[in-house]
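> Here is a sequence together with a model predicted from it:
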Amino acid sequence: MLIPRTEYLNFLIDWKEQQIIKVITGIRRCGKSTLFELFQEHLLSCGVAPEQIIAINFEDVDNEPLCGYKELYEHVKSRMLPGKMNYIFLDEIQHVAHYEKAVDSLFLQKNADVYITGSNAYFMSGELATLLSGRYVELKMLPLSFAEYVSAFPDTMNREELYRRYVYNSSFPYTVELKSRKQVHTYLDGLYNTVVLNDIVERRRVQNPAMLKSVIRFLFDNIGNTCSAKRIADAMTSAGRKIASRTVENYLEGITDSLLMYRVSRFDIKGKEYLRLLDKYYLADIGLRYYLLGTRNVDQGHILENVVFLELLRRGYQVYIGKAGSAEVDFVAQDCDGNTEYYQAALTVREKATLAQELAPLDSIPDHNPKYLLVMDNDPPVSHNGIRQKYVLDWLIEK
């Protein structure tokens, strides 16, 4: 099932044939390869000949002979058509040793339009980012948005039920084709272990994978709570698993570099400064939490926060946790022009005391930037002294 990824596809269309490398990053299995397929179909529909498209997936064993940069460059160069634009797609290129040399050399060819993907943040660090400085644009992909997920189930069930499936069964695109919870669990098991073993243990040279997995379980169980390496180390030590803060920090870097989780910093709204302590962590996919921890101790409020955070990322915002005096605002969202919006997420505010509690942090912000209260209450939109309350499932499918 090919689910349209319209916003991502439009990004590639907008940058087509521009003299710049298109880099697509995202956690494994979020849909990068499928996006390439969709874009290649678009090219063919626009009159591009099949021979002008050179596509190589480095997770395919057949392509192992091309996993050296010289072999890759010579192979692609030999297939390029002179006098015509060649569209070059290099999927999961982090498997190629010194791939940055091949990419840079292909970039220098005037009739090469280069697109590359990778499944972790490592491949855009170090040499590649330095070598290609100013010569690439990055598209950061996530698993399915709620709107994309809904599009895969036309007229089959109401949105509330789809939301429950979205967070429980996972937002990874392939899961929409699976028929049972057991199949979903098996699929997520393979995905999770691949990310942990390949993208974290191997890359960070983790000596104690069992301890790493314990830290991951802790983070999964504390999405939306403030954390630090010291707090995590203290909690693990109290539970009988002694670990140093420095080791935890190494694990945290590996977890975020794998794009399994996102570290979100805090921002002092009144002081207009970034705070270095007590970040929060959110998952790339909530289904992974249910896979790993089951349904115990589920805080649906933090689950909703996680969903809102990911949607703000998809819409192109830089996202922070807001501190307004002693109050905390769930999210401060800034767009590329520096415009700011504030978001609070809550399951329900139908009780007056709960409503007042959720509005208070937003009310305490002295500026007049847009403020939103996103709730699971399916009520008509309402404004509270300029704070716009919205049904979150409506907000999630807005264009």
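That came in fine, so what should we check first? Keep in mind the model is a prediction, meaning the values are calculated, not measured.
> And the strands in the stretch 201-350 of the chain?
226-227, 261-268, 273-283, 318-324, 327-334, 340-346 (DSSP state E, counting those that start in this stretch).
> who does the shortest one pair up with?
Spelled out, that is strand 226-227. Neighbouring strands of strand 226-227 in its sheet, by DSSP bridges, are strand 273-283 (antiparallel).
> ditto for the second one
Using DSSP bridges, the strands paired with strand 261-268 are strand 273-283 (antiparallel), strand 318-324 (parallel).
> where do the helices sit along the stretch 251-399 of the chain?
287-293, 300-314, 352-363, 392-396 (DSSP state H, counting those that start in this stretch).
> Please name whichever of those is nearest to E177.
helix 287-293 (14.1 Å; C-beta to C-beta). Any C-beta I mention is one placed from the backbone N, CA and C, and that applies to glycine too.
> Buried residues of the closest one, list them for me.
287-292 (16 or more other C-beta atoms under 10 Å).
> Show me which positions of stretch 187-201 end up buried.
In stretch 187-201, counting by 16+ other C-beta under 10 Å, buried: 187-188, 191-192, 195-196, 199-201.
> quick check, nearest of those residues to A233?
I200 (17.6 Å).
> Give me the distance between the closest residue to that closest one other than its chain neighbours and S170.
Once flanking residues are discounted, I200 sits nearest to G254: 4.0 Å by C-beta to C-beta, 6 or more residues apart in numbering. Going from G254 to S170 by C-beta to C-beta, to the nearest Å gives 22 Å.
> So which of those two has more stuff around it?
Per other C-beta atoms under 10 Å, whichever of G254 and S170 has more neighbours is S170, with 28 against 25.
> ok, now which ones touch that one?
143, 184, 187-188, 285-288, 290-291 (C-beta atoms under 8 Å, 6 or more residues apart in numbering).
> for C30, same thing?
C30 touches 141-143, 172-173, 284, counting by C-beta under 8 Å, 6+ apart.
> What is the most widely separated pair among these?
The most distant members of the contacts of C30, if one measures by C-beta to C-beta, are P173 and A284, lying 12.9 Å apart.
> So for the two, which residues contact both of them?
What both P173 and A284 touch, as defined by C-beta under 8 Å, 6+ apart, is the set 30, 143.
> So for these two, which sits in the more crowded spot?
A count of neighbours by other C-beta under 10 Å puts A284 above the other of P173 and A284, at 23 against 20.
> any chance of the strands paired with strand 261-268 in a markdown table, plus mean pLDDT and mean neighbour count?
Shown next, in a markdown table, are these (pLDDT from 0 to 100; neighbours: other C-beta atoms under 10 Å):
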| stretch | mean pLDDT | mean neighbour count |
| --- | --- | --- |
| strand 273-283 | 82 | 16 |
| strand 318-324 | 90 | 21 |
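> For D299, find the nearest of these.
strand 273-283 (12.8 Å).
> quick one: the helices in the stretch 1-150 of the chain?
Under DSSP H, counting those that start in this stretch, the stretch 1-150 of the chain gives helices at 6-15, 32-45, 69-79, 99-107, 127-131, 146-151.
> Looking at those, which is nearest to T117?
Among the helices of the stretch 1-150 of the chain, if distance is taken as C-beta to C-beta, the winner is helix 32-45, at 4.3 Å.
> what residues are up against S33?
So S33 contacts 57, 91-92, 117 (C-beta under 8 Å, 6+ apart).
> For those, which single residue is the most surrounded?
Result: T117 is most packed of these (other C-beta under 10 Å), 25 neighbours.
> Out of the contacts of S33, list just those in strands.
Among the contacts of S33, the members found in strands (DSSP state E) are 57, 91, 117.
> Now the second one. Nearest residue, chain neighbours left out?
The shortest distance from D91 to any residue that is not its chain neighbour, by C-beta to C-beta, 6+ apart, is 4.2 Å, and that residue is N57.
> In this structure the one you found contacts I93, no?
No - between N57 and I93 there is no contact under C-beta atoms under 8 Å: 9.6 Å.
> can you put the contacts of C30 in a markdown table and add pLDDT and distance to P50?
Below are those laid out as a markdown table (pLDDT from 0 to 100; distance: C-beta to C-beta, whole Å):
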| residue | pLDDT | distance to P50 |
| --- | --- | --- |
| M141 | 96 | 25 |
| L142 | 97 | 30 |
| P143 | 98 | 30 |
| F172 | 98 | 29 |
| P173 | 97 | 25 |
| A284 | 98 | 34 |
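> tell me which of those is nearest to Y343?
L142 (17.3 Å).
> doesn't R315 make contact with that closest one?
No - L142 is beyond contact range of R315, at 10.9 Å (criterion: C-beta under 8 Å).
> neighbour-wise, which of the two wins?
The neighbour count for L142 versus R315, taken as other C-beta under 10 Å, is higher for L142 (20 against 13).
> who's in contact with that one?
26-27, 30, 171, 284, 310, 313-314.
> between those, which has the most around it?
Most neighbours among the contacts of L142, by other C-beta under 10 Å: C30, with 26 neighbours.
> Could you check how far the spatially most central residue of the chain is from F107?
Closest to where the C-alpha atoms of the chain average out (C-alpha atoms, centre = their mean) is L142, at 3.9 Å. According to C-beta to C-beta, L142 stands 26 Å off from F107.
> again, but for L144
From L144 to F107 the distance is 31 Å (C-beta to C-beta).
> So the two - more neighbours on which side?
L144 (23 against 19).
> In contact with P82, which residues?
Per C-beta under 8 Å, 6+ apart, neighbours of P82: N111.
> Go through stretch 350-364 and flag the buried ones.
By 16+ other C-beta under 10 Å, the buried positions in stretch 350-364 come out as 355, 358-359, 361-363.
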